[in-house]
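[1] sequence? don't have it. structure:
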């Protein structure tokens, strides 16, 4: 992976994890969002309107639909930036834990993803585990 691409992806990973942690600590959760490194080096937040959850489900919103909307929005505007990441809240079934998931990709084809497990205790304090690499496939720079 070229050094400039690695720097962009690491920047998106750090910013994404930090923003998600802040939302978790402030609000107890967060909606899926995206970050981009624009061609002028600025990092920008990209958000979409929450999609309503299907009737009969537990959720207040449809996270999968929001991720699909974010991905489509990023694809439509990909000429305006050189790297993108989608940040969402996932459940790690085997660990019985929630986690922040960041999936980043660069227009040169480089990809990187990571998960940060977290849990809350009875007093409402959050405890974060160790950041771990995860696999992902490109979704923005594909045709």
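    Yep, that arrived. Keep in mind that what you see is a predicted model, and the values were worked out from it rather than measured. Residues are numbered from 1 along each chain as shown.

[2] Give me the sheet partners of the longest strand anywhere in the chain and which way each runs.
    Among all segments of the chain classified by DSSP state E, the strand with the greatest residue count is strand 81-92. The partner list of strand 81-92 in its sheet, established with DSSP bridges, is strand 33-38 (antiparallel), strand 97-106 (antiparallel).

[3] Please compute how far the last one lies from its chain's middle.
    Using Cα atoms, centre = their mean, to the nearest Å, the distance from the centre of strand 97-106 to the centre of the chain it belongs to is 5 Å.

[4] Now for residue 5, how many residues are close by?
    Here the count is done by other Cβ atoms under 10 Å, and residue 5 has 21 residues near it. Yep, even glycine has a C-beta here, placed from its N, CA and C like the rest.

[5] just residue 123 next, same as before
    Counted with other Cβ under 10 Å, residues neighbouring residue 123 total 5.

[6] Need phi/psi at it.
    Recorded main-chain torsions at residue 123 are phi -90, psi 0, according to degrees, to the nearest 10.
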